[in-house]
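Chemist: give me coordinates for this.
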Amino acid sequence: MVWEKRGFQMTILMVLAFIWGSSFILMKIGLKSFSPEQAGALRILLASLALLPLSIRNLKSIRKEDLKSLLIAGFIGSFFPAFLFMKAETQIDSSLAGMLNSLTPVFTLIVGMLFHKTGFRWLQVLGLSLGLAGATGLILAGDGFHLGTVNSYAFYIVLATCFYAISINQIKAKLPHLSGIQVTSLSFLFIGPVALAYLFTTNLQAVAANPSWPVHLLALATLGIVGTALAMLLMNSLIRHSSAVAASSVTYIIPIFAIMWGVLDGEKITLLHLACMGLILTGVYLISRKGVKKTA
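Modeler: Here you go, the predicted structure:
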């Protein structure tokens with residue numbers, strides 16, 4: 001199958017990294033008119049609406065034993081992280097948010113070993129270490145990427161990456177019989193109505209005070225439809241045809257695109273940035289390698 005080809009998987013990783021690497025800028029734009037709660041709810045609601053035709057079509061695929069895992073994928077894998085990231089970006093840079101997101105593969109491997117008896121390869125551990133070192137280097141690489149900029153709001157993103165890891169492992173372990181389209185559409189079917197109900201509890205009238213709110217709503221619409229609905233379809237399909245850790249390694253590539261957005265915004269890129277990017281890509285390669293004996 002095409003999904004099982006290494007080159008195709010790497011292509012999807014790069015596409016996902018570009019989409020999610022761009023999502024942090026879209027969050028910042030959306031927060032200019034909307035509160036973190038409103039922005040998070042809109043992101044989930046718009047993604048759910050975009051997926052609704054697929055959700056209805058796949059309703060017959062739901063089995064009673066799948067319900068728990070689909071709820072975990074929906075709420076733990078998408079709903080709560082959407083709000084955590086919005087809250088965090090009220091106090092930290094979008095580029096730093098993208099970099100902190102690279103913690104996801106670390107937690108994915110840990111959750112898999114602790115709760116799903118997932119075997120691991122020593123090269124996988126080396127890849128995780130190199131990727132994390134590269135992401136850390138990007139944070140320390142100057143010109144707006146200082147570790148001193150991290151504050152307590154960064155822990156919202158750390159918590160979100162823990163949630164991602166739980167969801168990724170749950171999908172891989174409990175829902176292998178469902179396609180990526182089925183997992184994504186059905187999980188969003190549950191969280192969409194919750195997001196809508198929560199949105200109506202917020203002060204929507206205050207949004208109109210900013211005359212540019214339609215532009216900011218468009219940014220959130222792009223974030224919901226492309227950065228959430230389409231991206232989750234790709235991600236859940238990738239999880240089904242590769243290891244959970246390999247799929248989550250997309251978060252190591254995201255900082256590269258965060259840096260690129262910074263360059264477009266007038267920031268400088270140095271040889272140190274390029275060296276860190278090399279570490280990240282080397283780590284992703286080692287994580288996705290096959291044929292190495294697994295250790296329980």
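
Chemist: make it CA atoms for all contacts and neighbour counts henceforth
Modeler: OK.

Chemist: where does the stretch 151-296 of the chain have low pLDDT?
Modeler: 151, 241-249, 262, 265-270, 273, 288-296 (pLDDT under 70).

Chemist: now the helices for it?
Modeler: Using DSSP state H, counting those that start in this stretch, the helices of the stretch 151-296 of the chain run over residues 154-174, 180-199, 213-224, 231-240, 244-248, 250-264, 271-288.

Chemist: and those helices: which comes nearest residue 30?
Modeler: Nearest of the helices of the stretch 151-296 of the chain to residue 30, taken as CA to CA: helix 213-224 at 4.5 Å.

Chemist: let me have the helices of the stretch 151-296 of the chain in CSV, extended by mean neighbour count.
Modeler: Formatted as CSV, the helices of the stretch 151-296 of the chain follow (neighbours: other CA atoms under 10 Å):
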stretch, mean neighbour count
helix 154-174, 22
helix 180-199, 22
helix 213-224, 21
helix 231-240, 22
helix 244-248, 26
helix 250-264, 23
helix 271-288, 20
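
Chemist: save these as a markdown table, and put in distance to residue 44 too.
Modeler: Output for those, formatted as a markdown table (distance: least, CA to CA, whole Å):
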| stretch | distance to residue 44 |
| --- | --- |
| helix 154-174 | 15 |
| helix 180-199 | 6 |
| helix 213-224 | 6 |
| helix 231-240 | 12 |
| helix 244-248 | 21 |
| helix 250-264 | 20 |
| helix 271-288 | 29 |
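
Chemist: which one, of those helices, ends up nearest to residue 99?
Modeler: That would be helix 250-264 among the helices of the stretch 151-296 of the chain, by CA to CA, at 4.8 Å.

Chemist: contacts for stretch 195-214?
Modeler: With contact meaning CA atoms under 8 Å, 6 or more residues apart in numbering, stretch 195-214 is reached by 32-34, 37-38, 41-42, 44-45.
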